[in-house]
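> Below is the structure, and that's it, no one-letter string:
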């Protein structure tokens, strides 16, 4: 399991402009079985995506995020080895 830790570097106005393309990217990742969950940070300074695949695949996918590709955000890919997942969250386990 990988966590994509996305941090905004542009204004919220710019992020809102890119949001439809970002959501389309998220949905494409979900439909391909790569993304298990995502959401905004609170306060709204970025977001996180839980992803599965190889490190190379996820690193490449992270760079395709329209927020990142357009220079409006940075992303850190963190590998997470879940040893426990509550009922209903089994997909988070490695």
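Perfect, thanks for sending it. The model shown is predicted, which means the values in this text are computed figures rather than measured ones.

> Any idea what the residue nearest to the spatial centre of the chain is bridged to?
Centroid check for the chain by CA atoms, centre = their mean gives residue 49 as the closest residue, at 2.9 Å. Counting by DSSP bridges, residue 49 is bridged to residue 4, residue 38.

> List the contacts of it.
3, 4, 6, 26, 29, 35, 37, 38 (CB atoms under 8 Å, 6 or more residues apart in numbering). Placement of C-beta: from N, CA and C, glycine included.

> Residue 15 now?
Taking CB under 8 Å, 6+ apart as the criterion, residue 15 is in contact with 8, 67, 72, 73.

> Mind checking the pLDDT average for stretch 81-94?
Mean pLDDT, stretch 81-94: 78.

> For it, buried residues please.
residue 92 (16 or more other CB atoms under 10 Å).

> Which parts of the chain are helices?
12-31, 55-64, 66-69 (DSSP state H).

> out of the ones you listed, deepest packed?
Mean neighbour count, computed with mean count of other CB atoms under 10 Å, is highest for helix 66-69 among the helices of the chain, reaching a mean of 19.

> For that one, name the packing helices and strands.
Using 3 or more CB pairs under 8 Å, 6 or more residues apart in numbering; DSSP states H and E as the contact test, the elements touching helix 66-69 are strand 2-8, helix 12-31, strand 73-79.

> Now do the first one against helix 55-64, angle only.
Taking axes from the mean of the first three to the mean of the last three CA atoms, to 10 degrees, strand 2-8 and helix 55-64 form an angle of 20 degrees between their directions.

> Now do the buried residues in strand 2-8.
So for strand 2-8, counting by 16+ other CB under 10 Å, buried means 2, 3, 4, 5, 6, 8.
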